[in-house]
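In: Provided below for reference: sequence and predicted model.
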Amino acid sequence: MARILADALPNLPWQDRPAGCTDPVWRYSGNPIIQRNAIPSSNSVFNSAAVPFKGGFAGVFRCDSRSVSMDLFAGFSDDGLHWRIDPDPIRFEGDPEVTAREYRYDPRVCFMDGRYYVTWCNGYHGPTIGIGWTEDFQTFHQLENAFLPYNRNGVLFPRKIGGRYAMLSRPSDTGHTPFGDIFVSFSPDLTYWGGHRYVMGTIRDDRSAWQSTKIGPGPIPIETDEGWLLIYHGVLTTCNGYVYRVGAALLDLERPWIVKERGAWYILGPQELYECVGDVPNVTFPCAALCDGATGRIAMYYGCADTVTGIAFTTADDLIAFIKAHPLK
């Protein structure tokens, strides 16, 4: 039985697997949990991140405005399902050269060293990885950008590895990247990043065609006794455009550029109307996962059709068993 190496989270949002469901991940029956008009200015609310906070939950949300500008907003929830999102965007404190806003989107939140670190795709003469931190989700401090443009999907590991901070990312380009592999980078101080290692890339044949165009890391990696459980997105280019699905892999705990197991089959893909119809059709995009170390349960937040936010459920056992049952060879 796989064990999540994390604290117990008895109030993790949860719904039991529906009768007759054999999928490794199952959707919440009340999806979408955040509608596109959750704040007065929003056109859409999706690709957002949540963490446990003071007996409830807090998060950072991507809310695209009615002018379709992209920015980050803080929010709170008692149960992880019903959210109160601040109608004003986060204002980061820091060097004005760094905090000057072009655009901000697709946040992740990682609790580490007593702080909640936020990473996101930050506009700085092209997309790069912004890093900030908060202790209360009210005051936010911005650090230096992690990388030169162009990069997306910056995802911190929740502890140091070999005495260094570690972050996954997907080097990209200034446009809607038609390519992309996952790399890991290391830093002694969250400012200077190096030691870049290739983790894994696309599969350009029918062994696993759902991830043939590009892949990118999703939620903060989950530490288990079998390795880092990485949930990621994969993209297929079809005659009707891109299709975003969700996959899973296991990385070595101390050498996270080594892939121990990787699933050939996706674990979640666009099927429901709210995942298939929206501003960008046919998208399931994972950005956060809450974990209960006592039970192995996982609640995964994901963006749906770049329009609304959904939640789905699984367990470490379910995911790891599915990876091993359908391995990429």
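Out: Good, I have the coordinates.
In: any idea how many residues pack against Tyr117?
Out: Number of residues near Tyr117 (other Cβ atoms under 10 Å) recorded here: 21. Every C-beta, even on glycine, is put in place using the N, C-alpha and C of the backbone.
In: let me know the pLDDT of it.
Out: pLDDT for Tyr117: 99.
In: direction included, what does the helix or strand harbouring it pair up with?
Out: Per DSSP states H and E: Tyr117 is located in strand 115-123. Strand pairing for strand 115-123, using DSSP bridges, gives strand 104-112 (antiparallel), strand 127-134 (antiparallel).
In: mind listing what's buried in it?
Out: The neighbour-count check on strand 115-123 (16 or more other Cβ atoms under 10 Å) flags Tyr116, Tyr117, Val118, Thr119, Trp120, Cys121, Asn122, Gly123 as buried.
In: phi and psi next, for His176.
Out: phi -90, psi 90 (degrees, to the nearest 10).
In: count the neighbours of it for me.
Out: Neighbours of His176 (other Cβ under 10 Å): 8.
In: per-residue pLDDT, it?
Out: Per-residue pLDDT puts His176 at 90.
In: quick one: the closest residue to Trp257 other than its chain neighbours from Pro221, how far?
Out: Nearest non-adjacent residue to Trp257, counting by Cβ to Cβ, 6 or more residues apart in numbering: Arg197, 3.6 Å away. In this view, Arg197 and Pro221 are 15 Å apart by Cβ to Cβ, to the nearest Å.
In: show me which of those two is the more surrounded one.
Out: Each of Arg197 and Pro221 had its neighbours counted (other Cβ under 10 Å), and the higher figure belongs to Pro221 (28 against 13).
In: give the closest residue to Lys260 in space, chain neighbours not counted.
Out: Residue nearest to Lys260 in three dimensions, not counting chain neighbours: Leu250, with 4.4 Å by Cβ to Cβ, 6+ apart.
In: you'd agree the one you found is up against Leu229?
Out: Yes. Checked against Cβ atoms under 8 Å, the pair Leu250 and Leu229 is within contact range at 6.2 Å.
In: quick one: the helices in the chain?
Out: Listed in chain order, the helices of the chain (DSSP state H) span 96-99, 273-276, 316-325.
In: closest one to Pro178 among the ones you listed?
Out: Minimum separation from Pro178 across the helices of the chain (Cβ to Cβ) falls at helix 273-276, 21.4 Å.
In: and that closest one, what does it pack onto?
Out: strand 308-315 (3 or more Cβ pairs under 8 Å, 6 or more residues apart in numbering; DSSP states H and E).
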